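> prediction below, plus the sequence it came from.
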Amino acid sequence: MYERNYNLLRSKFNEFFLPTLFTSMAGNICLFVDGLIVSFLIGAGNLAPIQSVAPVITFVNLIYWMIGLGGSVLCSVSKAEFDDEKSNGYFSTSIISLLSIGLLITIVGLLFSGNISQMLCISQPGLAPDVNMYFIALICGMPFLCYMMSLSYFIRADGIPTLPFRAILIANIVNICCDVIYIKFIGMGLSGAAWATTTGYFVGSLIISYYFFKPERTLKFLRLKVNSLFDYLRQIVKSGFSSSSTQLYLTLKLFIINVLVGMYIGKSGIVAFSICYNSLFILYIFLIGTAQTMSPIVSVYFKEEDYSGVNYIIKRSLKIVLAASLTLSVLFIVYPQALLLLYSVKNPSDVPVVLNAIRIFAMSYVGIAITFLYTFYAQAIQKNQLSTVISLLEGFVGPIGFAAVLSTLIGGNGIWISFVIAEAVTILFIFAYSRYINKKTGGEYSGFFINRHNDEEKVFEHTINGDIKQAVDLAADVQNHLSGNKSATLVSLAIEEMLVNIINTNEDVDAIDVIVRENDDGILISIKDTGIDFNPVVENENLQFDNISVLNKIADKIDYSRVLGLNSTVITINN
């Protein structure tokens, strides 16, 4: 009677998506605008040394993605398993490790700045002084960047998605304002752009620390022994490396492509590659916003074997990234002059090179969107090896291999074409792999995203509004579904008691999802709602209802966790 309508998942996705999208927008648009300001104030030619330092930024991204995002996914999974101590362990380990690593990166960077700068512009040694100037100022902000970004992942997983958005938005606004102040008014030149970025990271770190004063936060620091800390860190790195490996391959790819472009096209080619790379910041607004919204939700629902919920989220995510990537691809193929105007490219020798590069590079956008989303999805469902292979193929082997071959055959154009071919080959690999898994498992896993399917004869999915009559009717409906099971009456009574309690303890509940799963040992009842925190296992003086005492007598086991801002209760009734 009350079929699942996905209203709860839709509202939760939207609740996470908009702040995460705005967070991504705040970061990526500001990076995009940062490049515009630099090119406008001191000339597009200065994009070349900034592009040369790009591998350093992507390397730091690798670190905080791997530990921050990897730790937050494991933290969400632990909450789904009702293990608060483990979730706090992942949180503590991630933040402590990233602060330490960020400081180490700064110290090593300052000590060896000259050597690093020469290596970054090996094919264009004339850029070394400018690269070194920019690098020294930028490397000072790395501890703040690691702290701010890693903490943002955990805050979103803790159901407080708006704070990271505010912190990162303000950090980037400060960055842009300081660009103008440091470059135009103080006259710091190229180093002013880097110091502006460092200032932004510092301010953002201060603002995001407000999380520790919020009463609704559930994550806390633990005192960990050294052995425990390294054990947690090993698990975090293993979990996070698959998706963060995109940044490792991007680091290597940027360095090698910079060298190839410098060899075959020259400084104009490095300017063109910088603009192509910066154009991705617009696309990544939607890709990162969608993928980081999808990842914790999918990880929780897949862990709970709610494959219908996983399917709903991945389809919704795919539609968003396809629409965004296709729109931008068509725009820059048809009108690449838009980026020339934005970046104030006026040098006659640069214009034709940049126009040609943009048109070809934009063809890769749709492929980038699909492979990027798939990498995060594979990590969320704990297929870390698959995620790593996709990242390696799409982010390094494909583009570098094809660029090396094609550049020797057809020159500079071969470098731009290699990005398009790499995405196409990766998508073909994923398609072939999904078909292989489908055949290997006899259809248990199916589709491009190799998701499992619920057994419709043993899994019943329902949604009701916060209405007592609907709760009673649903309980009766479930009893009819389970009429052949000796525990049918107990299951029906347990559902009714729990739903009535949820409705009585909340003024308004828009949707409650109830999933009943029948297995060999008994019956599992999974209930999710958006109401106030309430653990039916723990007595609460302010929330005393007879139906909860009845529920505890009926159930053989009750597990509770507050995850993704939802009450997640799993009731077990043995046969």
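Structure received. Keep in mind that what you see is a predicted model, and the values were worked out from it rather than measured. Numbering: from 1, shown residues only.
> all helices for the stretch 251-400 of the chain, in order.
267-303, 307-334, 337-342, 351-361, 365-380, 384-392, 398-410 (DSSP state H, counting those that start in this stretch).
> buried residues of the shortest one, list them for me.
Of all the residues in helix 337-342, those buried under the rule 16 or more other C-beta atoms under 10 Å are 339-340, 342. Using the backbone N, CA and C atoms, a C-beta is placed for each residue, glycine as well.
> least confident of the residues you listed?
Within the set of those, pLDDT is lowest for Leu342 (78).
> against Asn175, how distant is that residue?
Per C-beta to C-beta, to the nearest Å, Leu342 is found 18 Å from Asn175.
> try Ile183
Distance from Ile183 to Asn175, counting by C-beta to C-beta: 12 Å.
> of the two, which one has the most company?
Ranked by neighbour count (other C-beta atoms under 10 Å), Ile183 and Asn175 place Asn175 first, with 26 against 23.
> so how far is Asn567 from the nearest residue to that one once chain neighbours are set aside?
Leaving aside its sequence neighbours, Asn175 sits nearest to Gly200 (C-beta to C-beta, 6 or more residues apart in numbering; 3.3 Å). Gly200 sits 37 Å away from Asn567, going by C-beta to C-beta.
> with neighbour numbers in mind, choose between the two.
Gly200 (27 against 23).
> check which helix or strand the more buried one maps to.
helix 190-208 (DSSP states H and E).
> ok, the most centrally placed residue in the chain - contacts?
Closest to where the C-alpha atoms of the chain average out (C-alpha atoms, centre = their mean) is Gln292, at 2.6 Å. Gln292 makes contact with 20, 24, 69, 153, 156, 376 under the criterion C-beta atoms under 8 Å, 6 or more residues apart in numbering.
> and the pLDDT for the last one?
According to the per-residue confidence, Phe376 scores 86 in pLDDT.
> got it, and the third one?
Looking at Leu69, its pLDDT is 82.
> distance check, it against Val174.
Separation of Leu69 from Val174 (C-beta to C-beta) stands at 24 Å.
> of those two, who's got more company?
Applying other C-beta under 10 Å to Leu69 and Val174 shows that Leu69 carries more neighbours, namely 28 against 20.
> verify the stated contact: that one with Phe154.
No. The pair Leu69 / Phe154 is not scored as a contact, 9.6 Å apart, by C-beta atoms under 8 Å.
> what's the neighbour count on Asn227?
Asn227 has 8 nearby residues by other C-beta under 10 Å.
> the one 5 residues further on now?
Burial of Tyr232 is recorded as 23 neighbouring residues (other C-beta under 10 Å).
> ranges for the strands of the protein?
445-446, 451-452, 459-464, 512-518, 522-529, 557-563, 566-574 (DSSP state E).
> for those, which one sits closest to Tyr365?
Set against Tyr365 and scored by C-beta to C-beta, these come closest in strand 451-452, at 25.2 Å.
> other SSEs contacting that closest one?
If you count contacts as 3 or more C-beta pairs under 8 Å, 6 or more residues apart in numbering; DSSP states H and E, strand 451-452 packs onto helix 307-334.
> other SSEs contacting the helix it packs on?
The contact analysis (3+ C-beta pairs under 8 Å, 6+ apart) places helix 307-334 against helix 7-42, helix 267-303, helix 337-342, helix 351-361, helix 365-380, strand 451-452.
> now with 7 Å?
In terms of contacts (3 or more C-beta pairs under 7 Å, 6 or more residues apart in numbering; DSSP states H and E), helix 307-334 is packed against helix 7-42, helix 267-303, helix 365-380, strand 451-452.
> report the mean per-residue pLDDT for that helix.
Per-region confidence: helix 307-334 scores 91 on mean pLDDT.
> quick one: low-confidence ranges for the stretch 201-350 of the chain?
Residue ranges of the stretch 201-350 of the chain with pLDDT under 70: 242-243, 246.
> do that again at 80, thanks
Applying pLDDT under 80 to the stretch 201-350 of the chain flags residues 240-251, 254, 262, 267, 281, 303-305, 342-347, 349.
> need the contact list for the closest residue to Ile208 other than its chain neighbours.
Leaving aside its chain neighbours, Ile208 sits nearest to Ala167 (3.8 Å; criterion: C-beta to C-beta, 6+ apart). Residues in contact with Ala167 (C-beta atoms under 7 Å, 6 or more residues apart in numbering) are 148, 204, 207-208.
> let's have those in CSV, adding distance to Ser317.
Formatted as CSV, these follow (distance: C-beta to C-beta, whole Å):
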residue, distance to Ser317
Met148, 25
Gly204, 26
Ile207, 28
Ile208, 25
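> can you tell me which of those is closest to Glu81?
Ile208 (27.1 Å).
> the closest one: neighbour count?
Look at Ile208: counted by other C-beta under 10 Å, it has 24 neighbours.
> could you report the distance from it to Val345?
Counting by C-beta to C-beta - Ile208 and Val345 are separated by 36 Å.
> what does Ser239 give?
Taken as C-beta to C-beta, the span from Ser239 to Val345 is 42 Å.
> now Arg156
Going from Arg156 to Val345 by C-beta to C-beta gives 37 Å.
> ditto for Gly109
Gly109 sits 30 Å away from Val345, going by C-beta to C-beta.
> give the contact list for the closest residue to Val261 other than its chain neighbours.
Distances taken as C-beta to C-beta, 6+ apart put Gly269 closest to Val261, at 4.0 Å, once the chain neighbours are dropped. Contact analysis of Gly269 by C-beta under 7 Å, 6+ apart lists 261-262, 353, 412.
> make TSV out of the helices of the stretch 251-400 of the chain and add distance to Phe448.
Output for those, formatted as TSV (distance: least, C-beta to C-beta, whole Å):
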stretch	distance to Phe448
helix 267-303	15
helix 307-334	9
helix 337-342	32
helix 351-361	25
helix 365-380	8
helix 384-392	13
helix 398-410	19
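> tell me how many other residues surround Asn115.
Counted with other C-beta under 10 Å, the neighbours of Asn115 add up to 10.
> hmm, I was thinking of Val351
15.
> check Gly141 too.
Close neighbours of Gly141, defined as other C-beta under 10 Å, add up to 25.
> now do the one 3 residues further on
Phe144 sits with 24 neighbouring residues when counted by other C-beta under 10 Å.
> could you point out which residue ranges in the stretch 401-550 of the chain have low pLDDT?
Applying pLDDT under 80 to the stretch 401-550 of the chain flags residues 444, 452-458, 466, 481-487, 497, 505-510, 519-522, 531-550.
> picking up where we left off before, closest one of the contacts of Gly269 to Asn575?
Once C-beta to C-beta is applied, the member of those that ends up nearest Asn575 is Val261, at 66.3 Å.
> where's that closest one relative to Ile275, distance?
Using C-beta to C-beta, Val261 is found at 12 Å from Ile275.
> who's more crowded, the two?
Neighbour count, other C-beta under 10 Å: between Val261 and Ile275, Val261 has more, with 28 against 25.
> ok, the more buried one touching Lys267?
No. The criterion here is C-beta atoms under 7 Å, and Val261 misses it with Lys267 at 9.2 Å.
> circling back to that earlier point, can you say which of the helices and strands packed on helix 307-334 is nearest to Tyr134?
For the helices and strands packed on helix 307-334, proximity to Tyr134 was assessed by C-beta to C-beta; helix 7-42 is nearest, at 9.8 Å.
> average model confidence for that closest one?
The model assigns helix 7-42 a mean pLDDT of 72.
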